[in-house]
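Sharing a model that was predicted from the sequence below.
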Amino acid sequence: MNRYNYDGFSIEDYDFETEFGPDVGDKAPDFALTTASGETKTLLDFPNMFLVLEMGSITCPLYQSRRGIMERLAEIDGVSSAVLYVREAHPGANIQSHKSFEDKMGCATRLTTKEGESRTVFVDGLEGKAHKAYGSMPNAVFIINKNGCVVYRAEWNNPSATRKALLDLLAGRAVTAKPYFRPALPTTVFRTLGNAGKGSAVDFFKGLPFLIWTNIIKRNLRLFLGRTKTGSQHTTC
């Protein structure tokens, strides 16, 4: 990666071939972070059996398209759910890249107050220290148990797979769900990029053929042929 808070999306800002950050069975990185409501909380200080942690930003169509079902996961007994607010995935003229922590806090606050995100939103530092520790992908998801261990990981959040993995974990079953990449609905894509402003859509569609090949085809094929690593409520790390 060349720069963290890029002014315009480019496929060169991500490594879509290599997985970084904690794998299933690894210790989940912990950070003391400011929330969108202005409190300071520790990321892994959650009250339930599992924490579902999703990476997101207001200009990420994938994150925006998954919010509804992901918010409902927090209603399941034994589950805490949170968002780590990261860099803007597709900045534009209206919602620009973050030049200060205040910029980032402003976007996270808008997400909760104007767009209705109901989960706890942790705001990462300006240079994305926590985001980098979790692999730097724009819409990854992790399930973490009370021992602070990663028990499920998806480079791209597939809400159906996340829900299935969570229900398996709560029931004491082995996780068999594979998080196949699913694109966002076109209506969500255009709405999100339109809100971001001029430049956002151009950069997105410029990289779209590469994104389709890398994620819908190559990544999904690797998942289909590969084996799923399994964690549990009792996994230690």
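Right, received. Where do you want to start?

from here on, contacts and neighbour counts on C-alpha atoms
Fine.

Residue 135 contacts residue 20, doesn't it?
Yes - between residue 135 and residue 20 a contact is recorded at 4.4 Å, counting by CA atoms under 8 Å.

more neighbours, the two?
Ranked by neighbour count (other CA atoms under 10 Å), residue 135 and residue 20 place residue 135 first, with 18 against 15.

Go ahead and list the helix or strand containing the most centrally placed residue in the chain.
Nearest to the mean C-alpha position of the chain, by CA atoms, centre = their mean, lies residue 55 at 2.2 Å. Counting by DSSP states H and E, the element that carries residue 55 is strand 50-56.

Just checking: what are the partner strands of that strand?
Paired neighbours of strand 50-56 in the sheet (DSSP bridges): strand 79-85 (parallel), strand 141-145 (antiparallel).

Comparing those strands, which comes out most buried?
Of the strands paired with strand 50-56, the one with the most neighbours on average (mean count of other CA atoms under 10 Å) is strand 141-145, at a mean of 26.

avg pLDDT for whichever helix or strand comes after that one?
Later in the chain than strand 141-145, the nearest helix or strand by DSSP H and E is strand 150-154. In this model, strand 150-154 carries a mean pLDDT of 96.

and what of stretch 41-50?
The model assigns stretch 41-50 a mean pLDDT of 95.

From the opening residue of it to its closing one, how far?
Using CA to CA, to the nearest Å, one end of stretch 41-50 lies 17 Å from the other.

chain center to it, what's the gap?
Distance of stretch 41-50 from the chain centroid (CA atoms, centre = their mean, to the nearest Å) equals 17 Å.

Show me what it is in contact with.
Outside of stretch 41-50, the residues within contact range by CA atoms under 8 Å, 6 or more residues apart in numbering are 30-35, 51, 78-80, 122, 143-146, 148, 233.
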